[in-house]
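Chemist: The sequence isn't on hand, but the structure is:
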């Protein structure tokens, strides 16, 4: 398993030199400044590769851009309106330019409007550090009382609606502003940053678009881009919904194993694959992550290894980002299933036998608390997570373990 690290570019608070000291083997990045729907040019791709390959002092880092996360899919493609056909053509050209640069793994998602949703970006945890959190009552307060989405109350249980009303009544204006900003923080895989007005406009455009229709649009998109990716030797991998349940009245189509199986069967070529994110999928109690790795592993092209603690029962629920070996996912079992898949691939002489993974997210600890890196992407918190995951990999790969 190739140990990678997400990097947001030169403005990232965690530098290339920091990644080297963390012991990573490859970098996950994207051209976040390029507007969604535009072509990623060869020049911009080469520039990012050069930035990754160079330390602060100008000497070679020895690191390479191994995985794209994300090459964003436009809202026009998801809704099949406006310039969606032009955007598909641009997506295909971007894939050609990435393949020319030697990049083989491209992660994307098909979530309408927002890539991920949290109500707290720095929630204090037991040990004094902070973590990202989704509080269902806070979210209901935002949806019903701040965004004031028509029909929002119909999407929550009565007890949550009442709790949200009481919590909103106690909120300071500062907390209302903070909550709204957290929920619509933006798209880490694209250049956009949303306002409440932007969100309302997007929601209006999705009104009446059912999950079945969105799923059909996903299949249409993949029917166009996956064969081109296959021709180019690129592996596309779809990230799950985060969180994996409906929000804001929007459809969700990548939340469960059944969703993934439908997507893989609809466009049944190896280039059409999965980003198995144990954190996103782990927010549902009915998602069996080690089992999903065993059953869908043939098409898993990228792994996000993180954990969440579900704070309430059922779906939807409140949850927070746990330590990598905490939370509800059995990380040892998941990594064992991934290593078993790699063994099968090596036996079949597959060129993609090594599955890239990254320590997704992390709690802010120690100097992270003053570094102010991208929310969810601290230096030390991820370093701690990577060290723990590396320990599991080392132990499970040791001859003593295989002979036990």
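Modeler: Yep, that arrived. Small disclaimer: the values here were computed from a predicted structure and weren't measured.

Chemist: got the buried residues for stretch 371-389?
Modeler: Neighbour-count burial for stretch 371-389, counted by 16 or more other CB atoms under 10 Å, picks out 373, 375-386, 388-389. Backbone N, C-alpha and C define where each C-beta goes, glycine included.

Chemist: Report the contact partners of the closest residue to residue 82 other than its chain neighbours.
Modeler: Among residues not flanking residue 82 along the chain, residue 76 sits closest, at 4.3 Å (CB to CB, 6 or more residues apart in numbering). For residue 76, the contacting residues are 37, 82-84, 87, by CB atoms under 8 Å, 6 or more residues apart in numbering.

Chemist: So, low pLDDT: which residues of the stretch 151-300 of the chain?
Modeler: Applying pLDDT under 70 to the stretch 151-300 of the chain picks out residues 186-193.

Chemist: meant to ask about the stretch 301-404 of the chain
Modeler: Using pLDDT under 70, the flagged stretches of the stretch 301-404 of the chain are 403-404.

Chemist: can you give me the helices in it?
Modeler: 331-347, 368-371, 379-397, 399-403 (DSSP state H, counting those that start in this stretch).

Chemist: what's the offset of the last one from the middle of its chain?
Modeler: Helix 399-403 has its C-alpha centroid displaced from the chain centroid by 33 Å (CA atoms, centre = their mean, to the nearest Å).

Chemist: contact partners of that helix?
Modeler: residue 395.

Chemist: ok, longest helix in this protein?
Modeler: Assignment by DSSP state H gives helix 211-232 as the longest helix of the chain.

Chemist: And that one, what does it pack against?
Modeler: Counting contacts by 3 or more CB pairs under 8 Å, 6 or more residues apart in numbering; DSSP states H and E, helix 211-232 is packed against helix 75-79, helix 84-100, strand 235-239, helix 257-266, strand 272-277.

Chemist: Need those in CSV (columns: distance to residue 137).
Modeler: Shown next, in CSV, are the helices and strands packed on helix 211-232 (distance: least, CB to CB, whole Å):
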stretch, distance to residue 137
helix 75-79, 29
helix 84-100, 37
strand 235-239, 27
helix 257-266, 27
strand 272-277, 25
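
Chemist: Residue 128: which of these is closest?
Modeler: strand 272-277 (26.9 Å; CB to CB).

Chemist: that older thread, of the helices and strands packed on helix 211-232, which approaches residue 203 most closely?
Modeler: Nearest of the helices and strands packed on helix 211-232 (CB to CB): helix 75-79, 11.2 Å.

Chemist: pretty sure residue 306 is touching residue 279, no?
Modeler: Yes - using CB atoms under 8 Å, residue 306 makes contact with residue 279 at a distance of 3.6 Å.
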